[in-house]
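Q: Sequence plus the predicted model coming up.
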Amino acid sequence: MGAPAGAGIMTAGLLLSKTLLRTGYSVYSYQEYPSLIKGGNNSYFINFSEKKVRSAKREIDILVCLDELTWKIHEKNLSGEAVVIYNENKFDPGQPQGAAPTIQRGIKYVGIPASDMVKKINAPEITINNLMLGAVMRILKLDLKILNEYVDKSFGEKHKDLIDENIKVVKAGYNSVVGDDHPVVPKGQTGGFVPTDINQIIISGNEAASLGIIASNCRFFAAYPMTPASAILHYLASKQEESGMIVKHPEDEIAAINMVVGASYAGVRSATATSGGGYALMVEGVGMAGMMETPVVIFVGMRTGPSTGLPTYTGQGDLNFVVNTSHGEFPRVVLCPGDIEEMFDFTRHAFNIADLIETPVFILYDKMLGESVESVEFKLNDKSDMSYKPYRTYKRLANSYEHDENGFATEDSQITKSQMERRMKKIDLIFQNKEKLGFSMTNYFGKENPDLLVISWGSNKGAILDAMDELKNKSIGFLQIVCAWPLDVEAIKKHVKNAKKIVSIECNYQGQMTNMIEATTGVQIANRLLKYDGRQFLKEEVSQFLISNF
């Protein structure tokens, strides 16, 4: 679904995603949008299936165009039996010129006079998003009652007039589509299927992280808004009263990190969230937390850099930055969730690890994982026994200077040496306490002793697993690095040793994780699939890469 920024396409896309979930489908959705308030083009992509879906795909089966720009951007990716729904008051797609080979004559065009229709209903232009949504519901033979329930919930009791208006618009869009010969309807389905028990929810990565923060008994959160981490601040601020957490929006990221370090030193679990540019401002404060041995959790949501880069697009270019940040040396842990469930679980791990070794712990994730939404089974599953205990670390002084064991500043060479060695050895506690933490530093999927071993991290996980499902007849294994620092060298060596061929997949130019693995294990991985255009990996891209390596 595509439209200019400000046309409500994200709202419509989320409503459809929730409706598809209630109808019984597995759903994966994501957004692409420019850093504009109005204009440009916003796109909302929904991939759904009766089978589990975890990623985006290239081919489009239904294209909803609220404007001509949407058509120009996406027509080249239409499948052979696609349906194109468009506002005929705005443009006429006609027959595509110079179309890609995937476009066949089987494409069906559904023109709707959307602008005229909302005027006739006396509804504002903005409601065209829901009128087109009604048309999609008709194409897919979905139950309007389910969608109407979500429309009702989205506006709330105070806006009965808006609810009635939008329900009327949705119905008009639904009735505007005639006939039943729409090839995109799943075979054998006449109106979707409604399971008796749905124990799943639609949730974004940022929302899952926010729930993890609340579930971890974090008492203080301070952050300055920066895409893609802003949603964590917004969500937690909306839940202050329910959670009892203090949530602060300070003047900048420097203030945020210093507030969080201070709150942690005062005795409560504390966290912050930012992106690359904001984290650059936090660096000195993070070093102070390392010197003071203060446990804080820091979420860094990656987007395309350097500088402002592509502020609303994705990437994995900040790994080296986060792992190596700071003047001087101190231990830190960098966790890299690969899906929405892990965003929740790893957040809880992060607080437990921070308490255990009293140092900054990072959750490093990319924009795509933070802002995509997925149908997941939601349950509180804490396998660790690191239950929260009252903070007790500093019954002594602490400051940013080197200090003795009582916290008093010192420049003594022997004390400096012993303190540095003691701090740096704390990283060993991660390996010693993995079972107690309920935490694995790597995950493995697929065939044992595979012909082809894929090594990757972060949100690439979904596209890799979907591609592996498609290539079940191939001997493929997937090693997911979930703890980027420290790396579990022994686990990596074990899996590499058992594979005939090794490849890696990353969303950055240099292959930063691959380079780290080569440097720490000595294993050489020459064949790499690297993407650095601000977009996530599509299932087809990964499938083609894997096939080419057999």
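A: Perfect, I can see it now. Numbers count the residues shown, from 1 in each chain.
Q: Val110 belongs to a strand?
A: Yes - under DSSP: H, G, I helix; E, B strand; the rest coil, Val110 sits within a strand.
Q: How many residues are close by the closest residue to it other than its chain neighbours?
A: Distances taken as Cβ to Cβ, 6 or more residues apart in numbering put Ile85 closest to Val110, at 4.7 Å, once the chain neighbours are dropped. Heads up, the C-betas are built off the backbone N, CA and C, glycines and all. Ile85 is flanked by 25 other residues according to other Cβ atoms under 10 Å.
Q: Local confidence estimate at Ile85?
A: Here, the pLDDT recorded for Ile85 equals 94.
Q: for the one 3 residues further on, same thing?
A: The predicted local confidence for Glu88 comes out at a pLDDT of 93.
Q: Against Ser115, how distant is it?
A: From Glu88 across to Ser115, the span is 9 Å (Cβ to Cβ, to the nearest Å).
Q: repeat for Leu162
A: Using Cβ to Cβ, one obtains 19 Å as the distance from Leu162 to Ser115.
Q: now do Met302
A: Applying Cβ to Cβ to Met302 and Ser115 gives a distance of 39 Å.
Q: Of those two, give the one with the bigger neighbour count.
A: Per other Cβ under 10 Å, whichever of Met302 and Ser115 has more neighbours is Met302, with 30 against 16.
Q: How about the contacts made by that one?
A: Contacts for Met302 (Cβ atoms under 8 Å, 6 or more residues apart in numbering) come out as 228, 275-276, 314-318, 364-367.
Q: Buried only: go through these for me.
A: For those, a burial check counting by 16 or more other Cβ atoms under 10 Å picks out 228, 275-276, 314-318, 364-367.
Q: Can you convert these into a markdown table and add a column each for distance to His234, pLDDT and secondary structure?
A: A markdown table is the format used below for these (distance: Cβ to Cβ, whole Å; pLDDT from 0 to 100; DSSP: H, G, I helix; E, B strand; the rest coil):
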| residue | distance to His234 | pLDDT | secondary structure |
| --- | --- | --- | --- |
| Pro228 | 12 | 96 | coil |
| Ser275 | 14 | 97 | strand |
| Gly276 | 19 | 95 | helix |
| Thr314 | 19 | 97 | coil |
| Gly315 | 22 | 97 | coil |
| Gln316 | 24 | 98 | coil |
| Gly317 | 25 | 97 | coil |
| Asp318 | 22 | 98 | coil |
| Leu364 | 20 | 98 | strand |
| Tyr365 | 17 | 98 | strand |
| Asp366 | 19 | 97 | strand |
| Lys367 | 15 | 97 | helix |
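Q: how about CSV for those residues, with distance to Ser456 added?
A: Output for the buried ones among the contacts of Met302, formatted as CSV (distance: Cβ to Cβ, whole Å):
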residue, distance to Ser456
Pro228, 20
Ser275, 21
Gly276, 20
Thr314, 14
Gly315, 14
Gln316, 10
Gly317, 15
Asp318, 16
Leu364, 14
Tyr365, 14
Asp366, 12
Lys367, 17
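Q: hmm, back to that, check which helix or strand covers the residue nearest to Val110.
A: Per DSSP states H and E, Ile85 falls inside strand 78-87.
Q: ok, now Ala3?
A: Assigned by DSSP H and E, Ala3 falls within strand 2-5.
Q: Just the CA coordinates for the helix or strand just after that strand, please, in PDB.
A: Once the chain leaves strand 2-5, the next helix or strand it forms, by DSSP H and E, is helix 9-22. Provided in PDB are the C-alpha atoms of helix 9-22 (Å, rounded to 0.1, in the frame of the first residue of the first chain):
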ATOM      1  CA  ILE A   9      -1.200   4.600   5.000                       C
ATOM      2  CA  MET A  10       0.600   3.300   8.100                       C
ATOM      3  CA  THR A  11      -2.600   3.300  10.100                       C
ATOM      4  CA  ALA A  12      -4.400   1.400   7.300                       C
ATOM      5  CA  GLY A  13      -1.600  -1.100   6.900                       C
ATOM      6  CA  LEU A  14      -1.600  -1.900  10.700                       C
ATOM      7  CA  LEU A  15      -5.400  -2.300  10.700                       C
ATOM      8  CA  LEU A  16      -5.100  -4.800   7.800                       C
ATOM      9  CA  SER A  17      -2.200  -6.700   9.500                       C
ATOM     10  CA  LYS A  18      -4.300  -7.100  12.700                       C
ATOM     11  CA  THR A  19      -7.300  -8.300  10.600                       C
ATOM     12  CA  LEU A  20      -5.200 -10.900   8.800                       C
ATOM     13  CA  LEU A  21      -3.900 -12.200  12.200                       C
ATOM     14  CA  ARG A  22      -7.500 -12.500  13.500                       C
END
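Q: Might one say that Lys57 is in contact with Glu541?
A: No - counting by Cβ atoms under 8 Å, Lys57 sits too far from Glu541 to count as a contact (9.6 Å).
Q: starting at the chain centroid, how far to stretch 514-526?
A: The chain centroid and the centroid of stretch 514-526 are separated by 26 Å under Cα atoms, centre = their mean, to the nearest Å.
Q: Just the buried residues of it, please?
A: Buried, per 16+ other Cβ under 10 Å, within stretch 514-526: 514-517, 523, 525.
Q: Mean confidence (pLDDT) on it, please.
A: For stretch 514-526, the mean per-residue pLDDT is 95.
Q: One more: stretch 257-271?
A: Stretch 257-271 carries an average pLDDT of 95.
Q: got the contact list for that stretch?
A: With contact meaning Cβ under 8 Å, 6+ apart, stretch 257-271 is reached by 213, 216-222, 246, 248, 250, 272, 281-282, 285-286, 288-289, 292, 294-299, 351, 354-355, 388, 390-391, 394, 398.
Q: at 6 Å what do you get?
A: Stretch 257-271 is contacted from outside by 213, 217-222, 272, 282, 285, 289, 294-297, 351, 391, using Cβ atoms under 6 Å, 6 or more residues apart in numbering.
Q: Buried residues, that stretch. List them.
A: Judged by neighbour count (16+ other Cβ under 10 Å), stretch 257-271 contains these buried residues: 257-261, 263-265, 269-271.
Q: ok, Phe45 - contacts?
A: Counting by Cβ under 6 Å, 6+ apart, Phe45 makes contact with 30, 56.
Q: so which helix or strand takes in it?
A: Using DSSP H and E, Phe45 sits within strand 39-49.
Q: next helix or strand past that strand?
A: strand 60-65.
Q: Averaged pLDDT, whatever helix or strand comes next after that next one. What do you get?
A: Downstream of strand 60-65, the first helix or strand assigned by DSSP H and E is helix 68-74. Averaged over helix 68-74, pLDDT sits at 94.
Q: start the count at 58, not 1, going forward
A: Let's use 58 as the start, then, which means that last one is helix 125-131.
Q: Outside of helix 125-131 itself, list whatever touches it.
A: In contact with helix 125-131 (Cβ under 6 Å, 6+ apart) are residues 59, 98, 120, 122, 148, 150.
Q: do stretch 393-408 as well
A: 262, 265-266, 268-270, 273, 326, 354, 392, 418, 420-422, 431, 433, 439, 496, 514-515, 518, 537, 539, 541.
Q: Can you tell me which of the residues you listed are buried?
A: Among the contacts of stretch 393-408, those classed as buried by 16+ other Cβ under 10 Å are 262, 265-266, 268-270, 273, 326, 354, 392, 418, 420-422, 431, 433, 496, 514-515, 518, 537, 539, 541.
Q: Give me the subset of the residues you listed lying in helices.
A: With DSSP state H as the criterion, helices contain 262, 265-266, 268-270, 518 from among the buried ones among the contacts of stretch 393-408.
Q: pLDDT score for the residue in the chain sticking out farthest from the centre?
A: Largest separation from the mean C-alpha position in the chain: Asp469, at 46.5 Å (Cα atoms, centre = their mean). pLDDT recorded at Asp469 is 96.
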